[in-house]
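In: structure of the sequence below:
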Amino acid sequence: MSAADFRKLADLFPDETVTHSYVQDIQLPASGGKPSPGTFALITLDNGLDHSKPTTLGPNTLVELGTVLEGLKDRAARGEIVGVGVTGKPYYLVAGADLSAVKSLNNRDHGLWMAQLGHDVYATLANLGVPSFAFINGVALGGGLEIALQSTYRTVSTGAGALALPESFLGLVPGWGGVYILPRLIGPENAVKVMIENPLSNNRTLTGPQAFGLGIADAMFEPADFVEQSLAWAADVISGEAAPERPHAVEPSDPAVAERWTAAVAAGRAFVESKTSNASPAPAKVLDIMEANRTMSQSDSAALECETLAGLMQTDEFRSTVYAFLDLVQKRSKRPAGAPDRKLARPVTKVGVVGAGLMASQLALLFARQLKVPVVMTDIDQARVDKGVGYVHAEVDKMLAKKRISADAANRTKALVTGSVSKDAFADADFVIEAVFEELNVKKQVFAEVEAIVSPECILATNTSSLSVTAMAADLEHPERLVGFHFFNPVAVMPLLEIVRAPKTDDAVLATAFELAKGLKKTAVLVKDAAAFVVNRILLRLMGEVTAAFDEGTPAEVADNALRPMGLPMTPFTLGAMVGLPVAQHVQESLHTAFGDRFTVSQNLQKLIDNGVKSLWAPDKGPDGKPFIPAETLALLSFGTSPSTGEEVLRRTQDALAEEIGLMLDEGVVAGPEDIDLCMILGAGWPMFLGGITPYLDRVGASERVNGKRFLASGVASAAAAA
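Out: Next up is the predicted model:
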């Protein structure tokens, strides 16, 4: 491609937030008793915005960087500079490609141009005629980390966070040289960890010290004087006083390395299968390129990367991932639909938790640690109270042992959590949440007792997963003060919080709930008071269809594995065992009462519960390595004579989910399908590469089969329809 073609591509993005390349000439310090090696050109990548606006790589950014590098290459040829460095604004090297720009490339040729533009610019960096250095001062994701990899040498700050090649998570491949350079630099096994295992494990990233330990960086320095130390080190390298060691680097032509390379790729493929059931094409493409480029030149690998990247940019999986990651998790989650004006929120200076069981104890720890306000737990006897407070203290001690919290912070957190057998301890609380047994009358009794003690302004919250908030408020003197505040288990890990508005919940209460969610570092979604709200209603419909197929005579392994093409984090029967069969049955019964036969109550499941069976599958696999149902469990069950194939169970479940979500939207349970998707991604681990549940149902045709229309407009989480 010519420079004119790249310019045409850049002109398609007149509104791009450009990350500029600012060049500063620096006289390198003297090294090892020798005079300064000469002038060093330091490029700082900066979009001129504060740290809340990450630097990214769009076409205009790349064209400018390429122009600057060409100029520096000319200066190097004239002997004016002895080296070139690249660093970033505070907290960032570069946060990767501009996904908004990439998503908008609806023409495959334009996607190919974008891929080729990056390679063209990075090739200049790699071939300046003088050594190039990347000073990784902060976030370096995707194309940002590839800038570093294309440099001759790399330093990293001990304070740098979020170093990664996350492309397989995003539905792409590392398309600007990372997939070629990384396995040669740090070994094929470590490369698979960075390019496959970390991205597919909740998009895990590396810290600066971890990146240094893997061999991605040659040297590591403290944040306070990171650039100065990096420049001094660069002077040592250029003067010959320092020669970086790369113990993990390999030569692919070595037969022993070739064997390791093949094994690493095979292990990567097994990991992808276990995590995604190969429902997303991108991870396999990363491994295809890595497998092929072991015997390729870097330029041949670059051509393969560009072609692969251009194709993946046009897939629905990529567009769905960007919709989920950028439009939902990064944007919509920060502006919850329907949330009242935050100025209405009341201050919360003390929290009460009714109950001292596991869920209540998790809540107490979260409130104390994040809000740093006093939290008091109550229960029916001192032993239960002591156990709850003890749990909190033990969890804090674990954090301290792992150095996730300082000794002072640990002591402060422990001191904030107290217990009492009397609800009088709530008299001065601003917010009281119950986490008691999931029984309506029990919860109503709790709130009646609490309301008699607290101030008129105190907000009451329920952590119910399926019961009616409206019914709980019916007998309260101030029903407007009650709000649903539904956490997901484990509380510390799951980011979703369903905030439930009952008909009489007032705006000040709701605004306070949203501000609390923000303080707790949770993503809040406003939901209507309808049985099981969003996540549990959808999951129970899904589990109900699979269980019904099993009860009808479908073999267990067929029923439980039928949904594998969805790439879900676990099978339905495994999920049921994790939630607890009695809990799942209780919620299913609530939904059956609310919605009728769409939610079937399994008699087989009840038999397991009645006999104390905790899981359909045996705890260990059989002699053939497969799960099996123990004979004594099987003897408890009875089956119909209408078995289904896996494909039939999958289609049946898809259609059931499309029906249920269509009804939820008609009922106004949430503001739109985007909130359904956000809830399922953050509350149920629904795969990001599916884009959430509604893009998936659109893609497989279930939305139109059942409802006669798609949930999302063409182009939102899919390729736009042809004009």
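In: so where does the closest residue in space to residue 707 that isn't next to it in sequence fall, helix or strand?
Out: The shortest distance from residue 707 to any residue other than its chain neighbours is 4.4 Å, reached at residue 662 (CB to CB, 6 or more residues apart in numbering). The way it works is simple: take the backbone N, C-alpha and C, and place the C-beta from them, glycine included. Per DSSP states H and E: residue 662 is located in helix 646-667.
In: please save the CA atoms from that helix in CSV.
Out: Extracted in CSV, the C-alpha atoms of helix 646-667 (Å, rounded to 0.1, in the frame of the first residue of the first chain):
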residue,chain,number,x,y,z
GLY,A,646,-28.4,-32.2,21.4
GLU,A,647,-29.4,-30.0,18.5
GLU,A,648,-33.1,-30.2,19.5
VAL,A,649,-32.3,-29.2,23.1
LEU,A,650,-30.1,-26.3,21.9
ARG,A,651,-32.8,-24.9,19.6
ARG,A,652,-35.5,-25.4,22.2
THR,A,653,-33.4,-23.5,24.8
GLN,A,654,-32.6,-20.7,22.3
ASP,A,655,-36.3,-20.3,21.5
ALA,A,656,-37.2,-20.3,25.2
LEU,A,657,-34.7,-17.6,26.0
ALA,A,658,-35.8,-15.5,23.1
GLU,A,659,-39.4,-15.8,24.3
GLU,A,660,-38.6,-15.0,27.9
ILE,A,661,-36.5,-12.0,27.0
GLY,A,662,-39.1,-10.7,24.6
LEU,A,663,-41.7,-10.9,27.5
MET,A,664,-39.3,-9.2,29.9
LEU,A,665,-38.9,-6.3,27.5
ASP,A,666,-42.6,-6.1,27.0
GLU,A,667,-43.1,-6.0,30.7
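In: now do the buried residues in that helix.
Out: By neighbour count on 16 or more other CB atoms under 10 Å, the buried set for helix 646-667 is 646, 649-665.
In: so residue 618 makes contact with residue 629?
Out: Yes - Residue 618 is within contact range of residue 629, at 6.8 Å (criterion: CB atoms under 8 Å).
In: ok, the two, which is more surrounded?
Out: residue 629 (20 against 14; other CB atoms under 10 Å).
In: from memory that one sits against residue 615, does it?
Out: No - contact criterion CB under 8 Å: residue 629 and residue 615 do not qualify, at 9.5 Å.
In: for the most centrally placed residue in the chain, helix, strand, or coil?
Out: In the chain, the centroid-proximal residue (CA atoms, centre = their mean) is residue 202; its distance is 4.8 Å. Following DSSP: H, G, I helix; E, B strand; the rest coil, we place residue 202 in the coil state.
In: ok, it to residue 168 distance?
Out: Distance, residue 202 to residue 168, by CB to CB, to the nearest Å: 13 Å.
In: quick one: the helices in the stretch 451-600 of the chain?
Out: Secondary structure of the stretch 451-600 of the chain (DSSP state H, counting those that start in this stretch): helices at 469-473, 507-519, 535-551, 556-561, 572-579, 581-595.
In: quick one, which of those is nearest to residue 142?
Out: helix 507-519 (28.2 Å; CB to CB).
In: so for the closest one, mean pLDDT?
Out: Helix 507-519 carries an average pLDDT of 98.
In: what's it packed up against?
Out: helix 358-371, strand 459-462, strand 482-487, strand 496-501, strand 523-528 (3 or more CB pairs under 8 Å, 6 or more residues apart in numbering; DSSP states H and E).
In: who's in contact with the shortest one?
Out: Put plainly, it is strand 459-462. Strand 459-462 has contacts (CB atoms under 8 Å, 6 or more residues apart in numbering) with 346, 348, 430-434, 443, 447, 450-451, 454, 469, 472, 476, 481-486, 500, 509, 512-513.
In: can I get it as PDB, trimmed to CA atoms?
Out: C-alpha atoms of strand 459-462 as PDB (Å, rounded to 0.1, in the frame of the first residue of the first chain):
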ATOM      1  CA  ILE A 459     -33.200   3.300  53.800                       C
ATOM      2  CA  LEU A 460     -34.200  -0.400  53.900                       C
ATOM      3  CA  ALA A 461     -32.800  -2.800  51.300                       C
ATOM      4  CA  THR A 462     -33.400  -6.500  50.500                       C
END
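In: give the pairing partners of it; include direction for each.
Out: Partners of strand 459-462 in the sheet, by DSSP bridges, are strand 431-434 (parallel), strand 482-487 (parallel).
In: quick one: that strand to chain centroid distance?
Out: Distance of strand 459-462 from its chain centroid, counting by CA atoms, centre = their mean, to the nearest Å, is 29 Å.
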